[in-house]
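# with the input below, show me the fold.
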Amino acid sequence: MNNQLVRSTHLGGAVIIGLGSILGTGAYVSVGLSASIAGNWLVWAVAIAAITALCNGLSSAQLASAHPVSGGTYEYGYRFLNPLSGKIAGGLFVVAKSASAATAALAVAQYLNSYLGMSAAVVKVIALMLLLLFTLFVLSGVRRTNWLNVILVAISLTGLFVFIGIAFSMPVSHHEWTDNQSGGLSVFHAAALMFVAFTGYGRIATMGEEIVDPRRNIPRAVWLTLTLVSALYIVIGMAILHVYNAPVFNQATFKISDLVADASWAWVIVTGGVVAMCGVVLNLVLGVSRVILAMGRRGDLPKGLAKLDASSKSAPAATWLTFSMMAVIALLTEIEGAWTLSAFTVLVYYGITNLAALRVSKHDRFIPRWVSVAGFFSCVGLVVLAALA
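This next block holds a predicted model:
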């Protein structure tokens, strides 16, 4: 039986996968969190994160077009660096993204809890059921998952556009930022958090084995996704600054809907946020399972995890292991601190990505080497500067 996944995802589907992976905790949580750190320097933090993401995205696209298989930097580390680099990258990705998916699932449950007043145990149960639901969607095959992504992205964007429209229709806020929200190293701390909000483009590269004409479509999908998201984040950031409210920002459970006074419109935004984070869970289940699939093929994990279904459109064993890891994390942890941990872990992962991209041969190269050099040093720089902030 053929052990390769079917190439069934075209350019539009790849962009939707990228948007579905990005528009969640990034758009609805991270921009506001970064605003509370960077203050009026928020747009600069978004710009730094966007440039870093673009360099890393192009390096990922370069690698995916030169070596279009499932597994992302796990495979690229093996192919272009050494086995140890590949194993480290694979481990970083699986653990970090499993934690991200568990965090998004818990966030959805807690969003609902803020209105329904459920117990902590029920919050955990809802998070687990959400993880199970999207695991079943992934097992049904990537084509059906793409259609679901279209719906999730449309609803997510609706909530964001409503927030932007309502925010700019409100009077300009005259609240002052505190001294620790006035730039300096804080802008790099905020940029590190914002970088995580861009990293969904990695799902495009991770699914390189399933994308039609990968050398052409993967780079275009990365460019389109990052351009759209960068513009959206900047506008969201400007809207947040327009209606900035210090007491609301000091809440541990801050949501952009908290900045909207009209309860009916706030519900639309909350719904968009919940749906967006569902999209994040869906795409992380998909992406992590593909890396586990690749690790099973190489023998770094049990060989049985590399087995595909009869249609060669899903990897059941790898997908169920993915669900199990995410479920355990959701049961044992809470949301606090997860976003910062994810930021540092992902920056290290993409540092390895850029090093691998530097080893692509001249014949297969379509980006200049300086892009990957800039990507590597931007990752290292953000880790160091954010740690000092």
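
# which stretch of helix or strand covers the closest residue to M118 other than its chain neighbours?
Of all residues not flanking M118 in the chain, L112 sits nearest, at 7.1 Å (C-beta to C-beta, 6 or more residues apart in numbering). Quick note: C-beta positions are derived from backbone N, CA and C, even for glycine. Using DSSP states H and E, L112 falls within helix 83-116.

# OK, contacts around the residue nearest to M118?
118, 126, 274 (C-beta atoms under 8 Å, 6 or more residues apart in numbering).

# quick check: which element contains A374?
helix 369-388.

# for that helix, packing partners?
Contacts defined by 3 or more C-beta pairs under 8 Å, 6 or more residues apart in numbering; DSSP states H and E place helix 369-388 against helix 42-66, helix 186-196, helix 338-357.

# contacts only, for G304.
296, 317.

# and the next element down the chain from the helix or strand bottoming out on mean pLDDT in the chain?
Using mean pLDDT, DSSP states H and E, the weakest-scoring helix or strand in the chain turns out to be helix 246-249, at a mean of 58. As assigned by DSSP H and E, the chain's next helix or strand after helix 246-249 is helix 263-298.

# run a quick neighbour tally on the residue lying closest to S314 once chain neighbours are set aside.
Leaving aside its chain neighbours, S314 sits nearest to L139 (5.2 Å; criterion: C-beta to C-beta, 6+ apart). Neighbourhood size, L139 [other C-beta atoms under 10 Å]: 19.

# swap in S34?
By other C-beta under 10 Å, 29 other residues sit near S34.

# for the helix or strand where it lies, give the mean pLDDT please.
Applying DSSP H and E as the criterion places S34 in helix 31-38. Averaging pLDDT along helix 31-38 yields 79.

# pull the residues that contact that helix.
42, 44-46, 181, 183, 186-187, 189-191, 193-194, 197, 233, 236-237, 240-241, 244, 249-250, 254-256, 339.

# can you check stretch 328-343 too?
Contacts for stretch 328-343 (C-beta under 8 Å, 6+ apart): 25, 29-30, 33, 96, 98-100, 102-103, 105-107, 110, 124, 127-128, 131, 192-193, 195-196, 252, 386.

# make a PyMOL selection of the buried ones in those.
To isolate the buried members of the contacts of stretch 328-343 in PyMOL, using 16 or more other C-beta atoms under 10 Å:
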select buried, resi 25+29+30+33+96+98+99+100+102+103+105+106+107+110+124+127+128+131+192+193+195+196+386
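
# contact partners for the closest residue to A47 other than its chain neighbours?
For A47, ignoring the flanking residues on the chain, the nearest one in space by C-beta to C-beta, 6+ apart is I234 at 7.5 Å. By C-beta under 8 Å, 6+ apart, I234 lies in contact with 43, 46-47.

# among these, pick out the one closest to V285, please.
Nearest to V285 among these, counting by C-beta to C-beta, is V46 at 27.5 Å.

# for the closest one, give me its contacts.
31, 34, 191, 194, 230, 233-234, 237.

# if I look at the spatially most central residue of the chain, how far off is A127?
Nearest residue to the geometric centre of the chain (C-alpha atoms, centre = their mean): G200, 3.5 Å. G200 sits 20 Å away from A127, going by C-beta to C-beta, to the nearest Å.

# over to P368?
P368 is 44 Å from A127, by C-beta to C-beta.

# still on that earlier bit, out of the contacts of L112, which one sits closest to R216?
V274 (35.2 Å).

# can you name the residues that contact that closest one?
Counting by C-beta under 8 Å, 6+ apart, V274 touches 108, 111-112.

# what stretches of this structure score poorly on pLDDT?
1-9, 70-71, 114-115, 142-146, 173-183, 202-203, 205-209, 245-254, 336-337, 389 (pLDDT under 70).

# pull the number of nearby residues for G86.
By other C-beta under 10 Å, the residues close to G86 number 25.

# thought it was touching H67?
No: applying C-beta atoms under 8 Å, one finds G86 not in contact with H67, separated by 11.6 Å.

# overlap in contacts of these two?
Joint contacts of G86 and H67 (C-beta under 8 Å, 6+ apart) are 75-76, 79.

# narrow these to those in helices?
75-76 (DSSP state H).

# now the shared contacts of G86 and H67 in JSON lines, with neighbour count?
Formatted as JSON lines, those follow (neighbours: other C-beta atoms under 10 Å):
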{"residue": "E75", "neighbour count": "29"}
{"residue": "Y76", "neighbour count": "30"}
{"residue": "R79", "neighbour count": "17"}
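
# just the closest of the shared contacts of G86 and H67 to N283, please.
E75 (18.6 Å).

# you'd agree that closest one is up against L293?
No: judged on C-beta under 8 Å, E75 makes no contact with L293 at a distance of 10.5 Å.

# rewinding a little: right, and the residue nearest to S314 touches T319 too?
Yes: between L139 and T319 there is a contact under C-beta under 8 Å: 5.5 Å.

# list the contacts of the closest residue in space to V260 that isn't next to it in sequence.
Excluding the flanking residues, the one nearest V260 by C-beta to C-beta, 6+ apart is A266, at 4.6 Å. Contacts of A266 were listed using C-beta under 8 Å, 6+ apart, and they are 257-258, 260.
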